Structures are given as C-alpha cells and as structure tokens.
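Colleague: Need the 3D shape of this:
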Amino acid sequence: MTRNELEHLENLVPTMKSVPPLPLLAVVLLGFLAGSIPSALAVDANPISPGSWTMILLPDTQNYCDTDPEALIFNSQTEWIRDHVASHNIQMVLHQGDVTNNNYAAQFARAKVALGILETAGVPYSVGPGNHDYALSTRTSLFNDPAYFGPGSAYANQAHFAPGNGGFFEAGKTDNSYLTFNAGGEDWLVFSAEFGPRDEVVAWMDGIAAAHPNHNKILNLHAYMYSDSTRYDWATYGTAQTWNPHSYSLGGTINDGQELWDKLVKKHDNWKFTFNGHVLNDGTGWLASEGDHGNVVHQILANYQMRANGGDGYLRILEFMADGDTVKVSSYSPYQGAYLTAADQDFTLSMTTMPPEPPPTPMIRGVSAAAIDVPVGSTTDAASVWSVVGTGPGAVTLITPPNKADLSIAVDGIHTARMQGVMMATVRQNLRDGAYYSTVEVSHVNYFPGLGVDITAEVLQIATSRAPLGGEYNSNFAVAMFPFADGWIGGHVTGAGALLENNGVVAENVTQIGTGRYELTIDGIDSQDDGMLLAVSAENGYNFLSTAPLADGTGWEVAVRDTTATTFDALESARWSFVYLDYDSPDLTCGRVTANGGLIDARGSFSLTRPSTGVYRITIADYTPDDGILLLTSSGWETEGSLTAPADNVLSYEADGNAFVVNMRDRDGSASLLEDGEFVFAFLAYDKRLMPAVPGDANYDGKVDDDDAVLLAQNWGQAGATWAMGDFDRDGRIGPKDAAILAANWGHGGGSEATGVPEPSLACLFLTGVFWLLAGRRRRG
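Modeller: As a prediction, the model looks like this:
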C-alpha cells in the first residue's frame, strides 16, 4: 500500500508510515498483567477548576475496532470517562463518527463493548456516524441495528433521547438524533447527524433548533471542517479539500460544512459549537465565525487516527469554566497517560468573543538552496543522520523526526509551508550504496505531526525512495525554496488537477487530460522561448515526474508515474508542484539540454558535454559543486506504441571534481538503463540570491522605479530590444505597451502588490513623466 493510496482511499487503517504500532502481543500482555491499559500506563489528567463541568469528544475510533487487542485502546478511553465522571463533572460525551472501519458486525460488536461501558455507568453520550460506518456508496449502516445502537438498544433508550428530552429523525434509525441537557446552569441542545446530512435532515434540525430558542446549540457530526481551519466547501474548493462528503456516492442530497453553516448553524443566535473528525493531515482545526445575530460559533476539528496505534487513545476534553464563558480545550490520552501540548491541541476560547487575530506569518524571502547528505549505508530511522553540507544565502536547517528517508526544512527559522512557496528537490548521488538509484518528492502532506515535531500538515516534506524497487530509502539530495513573496510563478496541484496555493496562475491554467497527465499554461509565457519549468512529484507515494513543453509554446504537459512502474503508460494521478524560471531572471545560470548534449536555450556561463549515453557533464564557470546545487527536471517527449507523453526518465547528479555529472535513466522496465533525453537544469549558487524577473524591473534590482523608467526611455523605439532595455512584453521593440507594464508595476518589488494596469491615457502621462525625468538627468549630466 503506497502512501498516496493510504491518503486517497482512506478506507484502510491510516497509521503513521514507518512508525510501527505497538505490537499487539505487547498490548495483550500489558492488559493481562495490569488488568487494564489505563492502570498500566496512564498518568491521570489534570483536575478541573471548582465550578467547572466537562464534555468529552471521541474522534474516529475506527482503527481500534479492527481487532480485539486494538479494542483495548477504545476501552481505555471509555473506562477513563467512567472513572472520572465525578472528578471531572462529565456531563456529556460526543462521538464524532467513524465508530468502525468497515461497517462490519465484528467491529460494531467491539464498539458496543467500549461504548457499553458508558451505558452501564449511566454516562450520557451521542454519536454522529461517519462514512466508514456505512456500507459503501449507501446510507445503510449497522449502527441502526438494534443489536448495536439502533432502536431499542441501550444507546437509543438513554433518558436524554426520551420524548420531551430528545429524539430521532426517522423511524427505525438512530443515526440522526437530538438531545437536551442542563449543565453549568445552562440548557443545551445537541444534534448528532449522519455523514453529509441530507436536505431533509438539515430542515429537521433547523425546525428543532427554532423550537428551542433559549438553548445553547451544538452540531456534532463526522465531516464539517477541513484541516486548514476552513469549512468544507465543495462549490468553492472541490477536490482541493480532500474527503469532502460530496466526493462520496451516498445517494440523495448531501450537505458539507459551508452548506450546513448557511442553511442551519449561522441562522440561530445561540449556536455555540460544531464538532467533527474525519479529516487526516494533522487532524486539527479551529475556526471562529460570527453568525447572523453576531454570536460567536466555534467550529472545531479533532482526529487522531493517523497517529501510531490507530490514534494512541487521544480524546478531547472541553472544560466549561464557572464564568459561563471560558472553555479550556485539551487533548489527552488515557492509554498513553499524556497530553498533546501544541497550540492547536491545547487552547482556551471564549464563547462570546472572537479570538484575537493571529500574528502575521513570517514570510520566507529569497531563494535559499541547500545540499543535504545522509551517511553511506545509513538506512535507519534516525534524525541525527541527516546533515546540511552546503546552504545559502538563507540559513537552511532540518526538521527531522525519527523517521527514515523523510525530513522537512526551515529557512531562517521559518517552516517551509505550502503557502510560503514551492520547494524543488533533486537527488544528489547517481548510485546509492553502489547499487541503487533514487527518486525524490516534496510532499504536500506532512506525516510528522504526532511524532513530537512541532509543525503542521501543510509544511512541505521531502521524501526519498529507491527505484525501481520502491520503498523509503535514504539518499543525498539538493533542495531549494522559491518563495511566493518574491514573485515566483508557481503552485501546488492535486492529483485531480485542482490548483492549491499558488502565485501568478489561476485554476484554469491547470487541466487534467488523463490519468497522471496534466497541461499547464502560464498567461503571457511562451514555453518554448521565454523560460523553463521545474516540477516535482508531491504525493509522498514513491512517484516521479516528467514534463515536456508543448510544440506551439502554449504550455507544458506534466506526467506523474509510479517509481516502480515497468511500462511507459503506468501513469498515476498524484499531487505535484511547479515553479517557472524566466530566462530574464537576473543571475540565472540554466540550460535546456537536448538528448545528444546540445542546448536549445541557456543562460549564464557553463560548459556541457555528453561523455556517454545518459551521462552529461556540466561545469559552471567560477563555481564548483561545493558552491551550489543543481535542480533537474526531465523535459522531453517520448512515444511508445500509440502513446506520446513526457518521457519516463529519472534524473540525478553527483559531484566529480569541479563538475556536476548528471545521469538520466529510463524508468520503463526493471533494468532502468542509462538513456539519453531532454532535460532542464538550473544552478543555484550559495553566494547569490536568485530573484525572478519582475515586470518593469529592467535593471534587475528587484524593484520597479525611476532607474527602470530611464532605461526604457533611453531605448524607446529600438528594435531587437531585450528585457534589460525595457522590452517587458517581449515583442522585440520598446513601445507604449512596455511603458504601460512599467507603470502598472511601479513600486513593485519582491512580492509587493502592484497597482492595476493603467488606462492608455494614464500610461501616456506616465511616459511623459519618464521622458521628462530622462531629460532632467541629461541636463544634469
């Protein structure tokens, strides 16, 4: 099972890769020796404050229900709740869905035992079933069976569901419910709803909410908010928000988080909370929004299933303080006897006040390159084996868990999150341990949260693997971060072709044209003449990527394949990232290399030879491999049978004296022989900070100002003009269009906002000012 299958199928047990679960035999032995998991392992939770009461949230217990030994973890949660009803004044328990993994009878039987502990102790609870609790592509669930949680069960017969206190949406089912209770001197109304509630269920909840105007209200269900702390919103984000209920075949109408907000939650003036699980990535989120009546609604996501042991037994404790307003949220595991202390796992909120705006996120500026090594023969899961052997101009540091073949980086102390820009990586050794070659990806989804690493799921994660066998494998690599704040054109793309964080492109610039095949266009850019595209696979699923510029210059085709593929057409729809390097970027040394070692286009000073098949030797003038890195992307076409697509070639390089030796291998077939092919390369020196070509910035100083205006005026009307002369529209002549571009970007520099393109009359006025400025300089000279 590859990591991308783990993420996208999501119907298997999604545990942290490369972190083995506690052996089941050990779990059994601990339970036998100590009588229960909590008594053997747990350090008890902190006491609550006088006058407080608590609510417990149980997210996604699906993995615990797979086997009897794993079910002991689920039992440890409910046993802890039972044992702390009095000490923690527990008034309500809400299960956020995915009680089971596959809607199997044996799994529901285990869940019945765990939740039956609450029933026997008289602890009130409610469940909003998840997608894993239903039969595939239906709304049929064993949850509604009287043998488990259906009508007539101990669950359904709880006092808070009795007429006058609560009830269920439809006869014969309990998967949509409401209940009322009193705690802290306040009346509460709780809805627990099905996965992707139908329109009729939403209307039912709306009517009941209206009939309880004086109750504080809570919506508890499986899917509502995504891990980026936004509501699920199919109409806006589509598949960019993975696992939206609309992406499942449920039959009938479906409502996601935004639809529930619009149709239900925001309409009622005392709605306080929504709770959900379901989402992987880092499994956390918190969004505070104002309803139509100015009331604050806290929308909270918690899910721990991606952690070791199927979740490590973590649950959420909400302590409602005696002041009637403050709520302390903590994440505690009776099984581990431990708290999670990150800011998104331990926080305090006010039910009546919007939280303060978070401080602005520090932005990475300037392209920072680094060469990163791992010792020969090191195949262990050890953070200490990685080292930065070259970096600049920003300081690149490592963020590493005890995990083989994966790590993240920070630049000048700032984590390299997706919103910061695009990270490119290339393998820096042609053979590893004398026998294997490798591939590298820069994953959109980070698997470190939960391993004691203080980062979020959106921090980019570098992953190396062994080809053609697949599997994680330590290899040296080169890496560079291209910040959006500098103005680099680039972005991140899902396997379905949806554009995520980006700069300089729009959703319509990316189109999926087939399995694992995409077309990318950049407005105003000729892919044959203006610059080159660097791209990298981003799935963390043992994939590699190739590109090829379209013959008419309108864009590029991008192809993603599995590292273990043995045929040319073994394409795979998976995430990827790209950055565009304009040939006019200052201090850029780069080349677009033909299969026989010639050059289609190039910038900077270097020499290139092809000593043998699939081997290319690049020497950069005045630099050695100790002074910088190469970034490589396959960029040629290949035809096999009836399919013409970007070539299935894998690139790497290593140092040889003062030269970089590039290897290109054919991934089609198990031999993976060296093969000639087209590719692009860029050299990034440690002592220089590469900047993009900013429209209007003729002198490449990173800012559009009067110096650029003077250059444009000096070269007005000249044919055969270049960017450095003021030809910003690249038509070979300096004219009014170039003046308009300069005017539109006046003051722009390294990611700052430019004004809109001026009207032609304003451009003429601006141009008049330019000539006046030039005349003044000439008089002074």
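
Colleague: my guess is L431 meets Y437, correct?
Modeller: Yes. Contact criterion Cβ atoms under 8 Å: L431 and Y437 qualify, at 5.9 Å. C-beta coordinates here come from the backbone N, C-alpha and C atoms, glycine included.

Colleague: Give me the more crowded residue out of those two.
Modeller: Shown here are L431 and Y437; by other Cβ atoms under 10 Å, Y437 has more neighbours (22 against 13).

Colleague: Give me the domain ranges for the chain.
Modeller: Under the assignment automatic domain parsing, the domains of the chain span 3-350, 368-685, 706-780.

Colleague: The closest residue to N745 other than its chain neighbours in helix, strand or coil?
Modeller: Leaving aside its sequence neighbours, N745 sits nearest to G696 (Cβ to Cβ, 6 or more residues apart in numbering; 3.8 Å). Following DSSP: H, G, I helix; E, B strand; the rest coil, G696 is assigned to coil.

Colleague: mind showing which ranges of the stretch 551-700 of the chain have poor pLDDT?
Modeller: By pLDDT under 70, the weakly predicted segments of the stretch 551-700 of the chain are 669-670, 700.

Colleague: how many neighbours does G696 have?
Modeller: G696 is flanked by 26 other residues according to other Cβ under 10 Å.

Colleague: and the gap between it and D706?
Modeller: Per Cβ to Cβ, to the nearest Å, G696 is found 11 Å from D706.

Colleague: sorry, back to before: the residue nearest to N745 contacts G747, doesn't it?
Modeller: No. Using Cβ under 8 Å, G696 is not in contact with G747; the gap is 9.5 Å.

Colleague: any residues in contact with both of these two?
Modeller: Shared contacts of G696 and G747, defined by Cβ atoms under 8 Å, 6 or more residues apart in numbering, are found at V704.

Colleague: still on that earlier bit, contacts only, for the residue nearest to N745.
Modeller: Per Cβ under 8 Å, 6+ apart, neighbours of G696: 704, 708, 728, 741-746, 748.

Colleague: Please state the offset of stretch 689-704 from the chain centre?
Modeller: Counting by Cα atoms, centre = their mean, to the nearest Å, stretch 689-704 is centred 30 Å from the centre of its parent chain.

Colleague: what do you get for stretch 243-257?
Modeller: 21 Å.

Colleague: next one: stretch 276-283
Modeller: That offset, for stretch 276-283, works out to 12 Å (Cα atoms, centre = their mean).

Colleague: hmm, who's touching that stretch?
Modeller: 7, 10, 14, 59-60, 96-98, 130-131, 220-227, 242-243, 257, 285, 299-306, 344, 445-446, 449-450, 456-458.

Colleague: what does stretch 127-138 give?
Modeller: With Cβ under 8 Å, 6+ apart, stretch 127-138 has contacts from 11, 60, 62, 94-103, 115, 140-143, 149, 155, 175, 192-196, 220-223, 245, 248-251, 277-278.

Colleague: Let's see that with 7 Å instead.
Modeller: Residues from elsewhere that reach stretch 127-138, judged by Cβ atoms under 7 Å, 6 or more residues apart in numbering: 11, 60, 62, 95-103, 140-141, 143, 149, 175, 192-195, 220-222, 248-249, 251, 277-278.

Colleague: Report the rounded mean pLDDT for that stretch.
Modeller: For stretch 127-138, mean pLDDT is 94.

Colleague: How far does it stretch from one end to the other?
Modeller: Its first and final residues considered, stretch 127-138 spans 19 Å by Cα to Cα, to the nearest Å.

Colleague: Buried ones in it, by neighbour count?
Modeller: For stretch 127-138, the neighbour count (16 or more other Cβ atoms under 10 Å) marks 127-134 as buried.

Colleague: so how far is that stretch off the chain centroid?
Modeller: 25 Å.

Colleague: got the contact list for the host helix or strand of Y237?
Modeller: If you go by DSSP states H and E, Y237 is part of helix 234-237. Defining contact as Cβ under 7 Å, 6+ apart, one finds that helix 234-237 is touched by 244, 246, 256.

Colleague: Surely the first one and D256 touch.
Modeller: Yes. Between N244 and D256 a contact is recorded at 5.5 Å, counting by Cβ atoms under 7 Å.

Colleague: Export the contacts of G696 as CSV, with columns for secondary structure, pLDDT and distance to F320.
Modeller: Output for these, formatted as CSV (DSSP: H, G, I helix; E, B strand; the rest coil; pLDDT from 0 to 100; distance: Cβ to Cβ, whole Å):
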residue, secondary structure, pLDDT, distance to F320
V704, coil, 86, 55
D708, helix, 84, 60
F728, coil, 83, 60
I741, helix, 85, 58
L742, helix, 85, 59
A743, helix, 86, 58
A744, helix, 80, 54
N745, coil, 81, 53
W746, coil, 84, 55
H748, coil, 66, 50
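
Colleague: ok, so of these, who is nearest M354?
Modeller: Comparing the contacts of G696 against M354 with Cβ to Cβ places H748 closest, at 33.8 Å.

Colleague: could you pull out the helices for the stretch 551-700 of the chain?
Modeller: For the stretch 551-700 of the chain, helices defined by DSSP state H, counting those that start in this stretch do not occur.

Colleague: same question but for the chain, I mixed them up
Modeller: Using DSSP state H, the helices of the chain run over 3-9, 24-34, 37-41, 68-83, 105-121, 199-210, 234-237, 257-263, 706-714, 736-744, 760-780.

Colleague: quick revisit: can you redo the contacts of helix 234-237 as TSV with distance to I81 and pLDDT?
Modeller: Converted to TSV, the contacts of helix 234-237 look like this (distance: Cβ to Cβ, whole Å; pLDDT from 0 to 100):
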residue	distance to I81	pLDDT
N244	31	95
H246	34	96
D256	30	98
